[in-house]
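Visitor: Just a sequence and a predicted model for now, questions to come.
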Amino acid sequence: MKVGNRHYRSIWRTADGGAAEIIDQTKLPHAFVTHRLETVADAAHAIKAMLVRGAPLIGATAAYGLCFAMRDDASDESLRVAYDTLIVTRPTAINLRWALDEMMAVLAQLPVDRRAEAAWRRAADLCDEDVAINSAIGDHGLELIRQAWKRKGERGRVEVLTHCNAGWLATVDWGTALAPLYKAHDAGIPIHVWVDETRPRNQGAHLTAWELGGHSVPHTVIVDNVGGHLMQRGQVDLCIVGTDRTTATGDVCNKIGTYLKALAAHDNDVPFYVALPSPTIDWSIDSGADIPIEQRTPDEVARIAGRTADGTVVEITITPESSPAANYAFDVTPARLVTGLICERGVCAASREGLLGLFPERAAGTTVPRSK
Ligand code: MRU
């Protein structure tokens, strides 16, 4: 997507070929700063400290992490150490493991002297594949928005609620949940987006609002507790969120608070869609209860950052010094609360049957071909 007049992806190989560059998302929306990653430790830090975040982008960054390792030392030991370092950076988004395994499948079988070049090539391909997947999700989601527009008699605008940031910053480009919104806006369908601020890290207020503003998509930031009220009043036509891991039966793990939105949507007959790239499906898990839920530092709950009137960005404490805080980063929305999964191959029911309808190669007894 564009920042100003320039097209950006959220991660790219540097012009000198030896490193990768990212947008430091901890600085947005107050400053647009890019950051060079050169080592496995740089990539691990960027993921852990959330300079990059969002399930697909975490995977892409880890893939480049393996490139850095192979550039310096392409031995089996170096590959294993880099893999082990990167895999533990964040526990919930399955795209991290998926991307590392995709890289491993190519690299482990190659002679050492061919690994570095193959790593750069595979990482670039993974990024391109992510962009294509998200664009296809955008096309399928666009049709849902078009239908909502028709149901409204093509009057007013389609009101969409989203949670966290599942936009181009969370992926390599386009985004998952936001891709249909960009495509609808570009297609001339009037839309308006309710953006959940998404405490504690405020990815909605900081990142989704910045992205949508950059693309001139009408939007309003709301605090996390407003969605239920808006749905009761008929002010939301549909919800679209992303996911960090979806089980083989369609249980959806996403940013904390997603479940409450799904409950409110269910109670008010508001369609609740999840944009789901296939690398985010964990085919090995049947129940959302088995998904590891990241717990982050309580400081993210107790403290909040913002810009003062003079432009300085400061962090302040908002809780009593003596009060403990808990920081669960994700929750699970059971499949029964999900109207549909918007995948790159189409829209399906949130169920094993639905997913297998789109990905029949995943049925038991079927040999799974690698994408590359
Ligand atoms: O903790 P984050 O910011 O990495 O969480 C991101 C989300 O929960 C997104 O909704 C999810 O990764 C989908 S990204 C396309």
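Guide: Nice, thanks for sending it over.
Visitor: what about Leu226, how many neighbours?
Guide: That one is not Leu; residue 226 is Val. 16 (other Cβ atoms under 10 Å). Using the backbone N, CA and C atoms, a C-beta is placed for each residue, glycine as well.
Visitor: Distance of the residue nearest to Tyr182 when sequence neighbours are not counted relative to His185?
Guide: Excluding the flanking residues, the one nearest Tyr182 by Cβ to Cβ, 6 or more residues apart in numbering is His215, at 5.9 Å. Per Cβ to Cβ, to the nearest Å, His215 is found 7 Å from His185.
Visitor: returning to that earlier point: now do the contacts for the residue nearest to Tyr182.
Guide: Met1, Lys2, Tyr182, His185 (Cβ atoms under 8 Å, 6 or more residues apart in numbering).
Visitor: Show the pLDDT at the third one.
Guide: Per-residue confidence (pLDDT) for Tyr182: 98.
Visitor: so it makes contact with Asp139?
Guide: No. Taking contacts as Cβ atoms under 8 Å, Tyr182 lies outside contact range of Asp139: 11.0 Å.
Visitor: In terms of neighbours, single out the busier of these two.
Guide: Tyr182 (24 against 15).
Visitor: Which secondary structure elements does the helix or strand hosting that one sit against?
Guide: In this assignment (DSSP states H and E), Tyr182 forms part of helix 179-186. Contact analysis of helix 179-186 by 3 or more Cβ pairs under 8 Å, 6 or more residues apart in numbering; DSSP states H and E lists helix 115-151, strand 158-162, strand 191-196 as its packing neighbours.
Visitor: Contacts made by it with the rest, please.
Guide: Residues contacting helix 179-186 (Cβ under 8 Å, 6+ apart): 1, 134-135, 137-142, 144-146, 149, 158, 160, 162, 174-175, 191, 193, 212, 215-217, 240, 275, 342.
Visitor: circling back to that earlier point, identify, out of the helices and strands packed on helix 179-186, the most deeply packed stretch.
Guide: strand 158-162 (a mean of 25; mean count of other Cβ atoms under 10 Å).
Visitor: if I pick Arg245, what's in contact with it?
Guide: Counting by Cβ under 8 Å, 6+ apart, Arg245 touches Ala55, Thr92, Ala93, Ile94, Cys253, Thr280, Asp282, Ile285, Ile291.
Visitor: Next one: it, what pLDDT does it get?
Guide: 98.
Visitor: And it, its phi and psi?
Guide: When read as degrees, to the nearest 10, the backbone of Arg245 gives phi -170, psi 130.
Visitor: From Val332, how far out is it?
Guide: Between Arg245 and Val332 the computed distance is 9 Å (Cβ to Cβ).
Visitor: which neighbours do these two share?
Guide: By Cβ under 8 Å, 6+ apart, the residues touching both Arg245 and Val332 are Cys253, Ile291.
Visitor: that older thread, let me know the angle separating the helix holding Tyr182 from strand 191-196.
Guide: Angle of helix 179-186 versus strand 191-196, following axes from the mean of the first three to the mean of the last three Cα atoms, to 10 degrees, is 150 degrees.
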